[in-house]
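S.K.: sequence and predicted structure below; questions after.
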Amino acid sequence: MSKPRIHILALGGTIATRPDATGAMQMGLGADDLVAAVPLLSTVAEIGAETVSRVGSHSLGFEHLHALAAKIRGIDADGVVVTQGTDTLEETSFLLDLLLDLDIPVVVTAAMRNPSLTSADGPGNLLAAVRVAADPWVRKHARALGVVVAMLDEVYAAADVLKVHPTRLNAFASPQTGPLAALPEDRVVPLSLPVRDAMNATHARLGKVPGGAGLPIALLWMSIDEPGRLIEAMIAAPDHLGYRGAVIGAMGGGHTPERATDTLIRLAAAMPTVVSPRAGGGPLLEKTYGGPSSEIALRQAGLIWGGRLHPLKARVLLETCLRAGLDRKAMTELFAAWN
């Protein structure tokens, strides 16, 4: 029986670093280097490997991910593994999920420990990602799973995965849903399938999204006693400082400080403005609390309700909606599917 063909696309990140003369870690390893470090890969699949870039994920842009999605669509393989840095993995995997709707697995992985450290996790994560992409259950349910992330022998849905710690080995989790699968020994053990209704509705509404440079989207966190002066500056500035939309990391179930609320309402009149939970995810309230800065008042004033999406993911979705040319009504309806 022939082994599945898995194509690895390397972007850079900690997994692909090596020390320079001072001992500082620099981008340098390519896809072939990553594959050579994991001899067991050849026992799992027929491996193809391609270096797409040597860029840390903190420097990736929307244009890089749109080009990557186009490349993935053109690959003739049974599955694709993307290696990158961890800094923006929760955003890049979600954007790939928005742009791709394929019958083959797409698995994103990375590393927290660089290759010079004892017990570097990059080789193990790459092997796990290839095992996931090659697994019969994953391949059977590839469209139902969407893009997934494999880190530390667990598999997460791109819509839910978050980086919850800056440095520790188990830095990734899906607090809302938990992992989709685990990898004990050399097995992939399914645990659940994600609820894809919102993503399916998003794919249907977005259609084909054009690539190119990203549209600037402001990300604004609400906190105690926030007066909203940066928002005032955005509203007053010519062309709103170039921003085309905004995401508000709101308090609780969808609340803002009263002193900043009138400013937020004027911002929503100037550009599409999405409210998302600063708590990191979970459905927002819609009709519980009254008052000028409550969810009832903000929704009535025209702010778009971001549902269960983390503010980072809401920003990615808003940029994608604007790029696709959706009007305010269509964006409001699309985001409502995520609540």
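M.R.: Received, thanks. Numbering: from 1, shown residues only.
S.K.: now do the helices in the chain.
M.R.: 31-36, 41-44, 62-73, 89-99, 122-134, 136-140, 142-145, 197-206, 229-236, 258-270, 295-300, 311-323, 328-336 (DSSP state H).
S.K.: now tabulate those helices in TSV and tack on distance to Ala110 and mean neighbour count.
M.R.: All C-beta atoms are positioned from the backbone trio N, CA, C, and that covers glycine. Formatted as TSV, these follow (distance: least, C-beta to C-beta, whole Å; neighbours: other C-beta atoms under 10 Å):
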stretch	distance to Ala110	mean neighbour count
helix 31-36	11	17
helix 41-44	17	16
helix 62-73	14	18
helix 89-99	6	25
helix 122-134	7	24
helix 136-140	19	15
helix 142-145	19	18
helix 197-206	22	16
helix 229-236	32	15
helix 258-270	34	18
helix 295-300	35	19
helix 311-323	16	24
helix 328-336	28	17
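S.K.: all strands for the stretch 151-300 of the chain, in order.
M.R.: Counting by DSSP state E, counting those that start in this stretch, the stretch 151-300 of the chain has these strands, from start to end: 154-157, 162-163, 172-173, 181-182, 189-190, 217-221, 245-250, 273-277.
S.K.: which of these sits closest to Thr88?
M.R.: Set against Thr88 and scored by C-beta to C-beta, the strands of the stretch 151-300 of the chain come closest in strand 162-163, at 8.6 Å.
S.K.: show me the contacts for the residue nearest to Ala279 when sequence neighbours are not counted.
M.R.: The shortest distance from Ala279 to any non-neighbouring residue, by C-beta to C-beta, 6 or more residues apart in numbering, is to Gly252 (7.6 Å). Residues in contact with Gly252, defined by C-beta atoms under 8 Å, 6 or more residues apart in numbering, are Pro277, Ala279, Leu285.
S.K.: what subset of those is buried?
M.R.: Buried members of these, scored by 16 or more other C-beta atoms under 10 Å, are Pro277, Leu285.
S.K.: in CSV: the contacts of Gly252, plus pLDDT and distance to Trp221.
M.R.: Converted to CSV, those look like this (pLDDT from 0 to 100; distance: C-beta to C-beta, whole Å):
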residue, pLDDT, distance to Trp221
Pro277, 96, 11
Ala279, 93, 11
Leu285, 95, 19
